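Chemist: Everything below, folded, please.
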Amino acid sequence: MLLAIGALVVGCGGKEKKEEGSQDGFQMNRTKEETKTTTASEGVPVDLSNKGVGPVSSVDFGDAIDQEMAAKGEATFKAICTACHMAEQRMIGPALKGVYERRSPEWVMNMILNPDGMLKEDPIAKALLKEYNNAIMLNQNLSQEQARELAEYLRTL
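Modeler: Okay, here's the model as predicted:
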């Protein structure tokens, strides 16, 4: 009797029941597990002395955040920048929380105002372009005042 049961199991191939959604022992997991929230880009140098390429050569933030300026910058950020950037999560472009720990304020403003020139001449912008699969930052044609408001808002992240 035992021999007959053993032969039946072997005769059936001893295969386990396939789970729904599996194919030939391959099971698909449809849940997204990657939640990368790092703010630093791998392979891109941190350089606070680099001011970038563009019209901004000096930015004086002062000690306190200008709340009115930051509020205007936040509105601009939500209207324009959120298509590619989030504060704490990498998207098409880098996460921007803590950007001033990696880049100078002048570099940030020059990237906002002159992305074409930065991508052609600035080594960090070139490294970011490579890191982000050649996704270029488009020129939003903002004024220096709007760029300064955005820069102020980024201080609040």
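Chemist: gap between the residue lying closest to residue 43 once chain neighbours are set aside and residue 117?
Modeler: The shortest distance from residue 43 to any non-neighbouring residue, by C-beta to C-beta, 6 or more residues apart in numbering, is to residue 131 (6.0 Å). All C-beta atoms are positioned from the backbone trio N, CA, C, and that covers glycine. According to C-beta to C-beta, to the nearest Å, residue 131 and residue 117 sit 19 Å apart.
Chemist: picking that back up, the residue nearest to residue 43 reaches residue 92, doesn't it?
Modeler: No. Look at residue 131 against residue 92 with C-beta atoms under 8 Å: they stay out of range, at 11.7 Å.
Chemist: Between the two, which contacts overlap?
Modeler: Common neighbours of residue 131 and residue 92 are not found (criterion: C-beta atoms under 8 Å, 6 or more residues apart in numbering).
Chemist: what about the residue nearest to the spatial centre of the chain, is that helix, strand or coil?
Modeler: For the chain, the residue nearest the mean C-alpha position is residue 90 (2.2 Å; C-alpha atoms, centre = their mean). Of the three states, residue 90 takes coil under DSSP: H, G, I helix; E, B strand; the rest coil.
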